[in-house]
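A.B. asks: sequence first, predicted coordinates after that:
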Amino acid sequence: MSLPIGEVVAGRVVKLLRYGAIVELENGETGLVHISEIAPEFVVAVEDHLREGDDVRVKILGMREPGRYDLSIKQAEFTDTEQPEPRRFRRRPTSPSFERRLDEFMKGSNRRQSDLNRSKTSRKKGRR
């Protein structure tokens, strides 16, 4: 019996691969959870997140061939009404001393750059 796309079902991890995991679904069919669909964060190694025999909830993303599904663990964690919060990076406040030191550095750098450019143009004029 074919499972509908978008449905969340239970399964058990039967094999770990370098690029994902094979999961046996409750109806006996199997599917692949690609490494990019294991967790919301970047997954370096499948073994860091899953073990053979783990019970997992997966969302049916599609069917490759009869009895072989494309699955997602990370999409099964959230229903349509609850979406993960977007990551927001907090900007650390900069100290006034840092700002002052950066300003001094930029002024010195600009001064050295203009001196260098002046010496290059005066050397070019002398060669003609």
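C.D. replies: Right, received. Where do you want to start?
A.B. asks: on the three-state scheme, Y69 is what?
C.D. replies: State at Y69, reduced to three classes by DSSP: H, G, I helix; E, B strand; the rest coil: strand.
A.B. asks: who's in contact with it?
C.D. replies: Residues counted as contacts of Y69 (CB atoms under 8 Å, 6 or more residues apart in numbering) are 3, 25, 29-32, 60-63. Every residue, glycine included, has its C-beta placed from N, CA and C.
A.B. asks: cutoff 10 Å now
C.D. replies: Shown in contact with Y69 (CB atoms under 10 Å, 6 or more residues apart in numbering): 2-3, 5, 9, 11, 23, 25, 29-33, 58-63.
A.B. asks: again with L61
C.D. replies: Residues in contact with L61 (CB under 10 Å, 6+ apart) are 5-6, 31-34, 37, 69-72, 75-76.
A.B. asks: format these as CSV; extra columns: pLDDT.
C.D. replies: Conversion of the contacts of L61 to CSV gives the following (pLDDT from 0 to 100):
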residue, pLDDT
I5, 87
G6, 88
G31, 93
L32, 94
V33, 94
H34, 94
E37, 93
Y69, 91
D70, 93
L71, 94
S72, 93
Q75, 89
A76, 87
